[in-house]
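Asks: dropping the sequence and predicted coords here.
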Amino acid sequence: VQLQASGGGLVQPGGSLRLSCAVLGLTLDDYALGWFRQAPGKEREGVLCISSSDDVVYYTDSVKGRFTISRDNAKNTFYLQMNSLKPEDTAVYYCAADPGCDISWSMYDYWGQGTQVTVSS
């Protein structure tokens, strides 16, 4: 199983980025798909998750209204659309897959490598 995250970069405050996570070795529609992030000196935190039935769970209140998650099962890829980015969103972002959504990153079976998102002017 492989999860490949991409799409990170440097963006100015107020800008947008879309992260992608391409998945190999799993049937995507059987899994919950999550995004986590880890800022320097901080613990990894859950951002949001989409269940196998497409229910979305937000784990970080600060991203509500700005971040959305979606999946394309035909492409075996899921996405994190990030709008109105703020400096405090700066972190390494990780994608993950598991049979169910869970706020705890340690519960996820499968992980991608991180992709750096830096929000700065």
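Replies: Structure received.

Asks: so what strands line up beside the lowest-mean-pLDDT helix or strand in the chain?
Replies: Ranking every helix and strand in the chain by mean pLDDT, DSSP states H and E puts strand 56-58 at the bottom, with a mean of 93. Partners of strand 56-58 in the sheet, by DSSP bridges, are strand 45-50 (antiparallel).

Asks: surely residue 87 meets residue 62?
Replies: No - with contacts counted by CB atoms under 8 Å, residue 87 stays clear of residue 62, the gap being 11.9 Å. In this view, the C-beta of every residue, glycine as well, is placed from N, C-alpha and C.

Asks: please identify the buried residues of the least confident helix or strand of the chain?
Replies: Using 16 or more other CB atoms under 10 Å as the test for burial, strand 56-58 gives residue 58.

Asks: just stretch 10-23 next, same as before
Replies: Neighbour counts over stretch 10-23 (16+ other CB under 10 Å) mark 11, 17, 19-23 as buried.

Asks: could you dump these into TSV and include distance to residue 101?
Replies: Formatted as TSV, those follow (distance: CB to CB, whole Å):
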residue	distance to residue 101
11	27
17	23
19	18
20	19
21	15
22	20
23	16
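
Asks: any idea which of those residues is closest to residue 117?
Replies: Distances from residue 117 to those, taken as CB to CB, are shortest for residue 17 (6.2 Å).

Asks: if anything else comes up later, I'll come back, but that's it for now.
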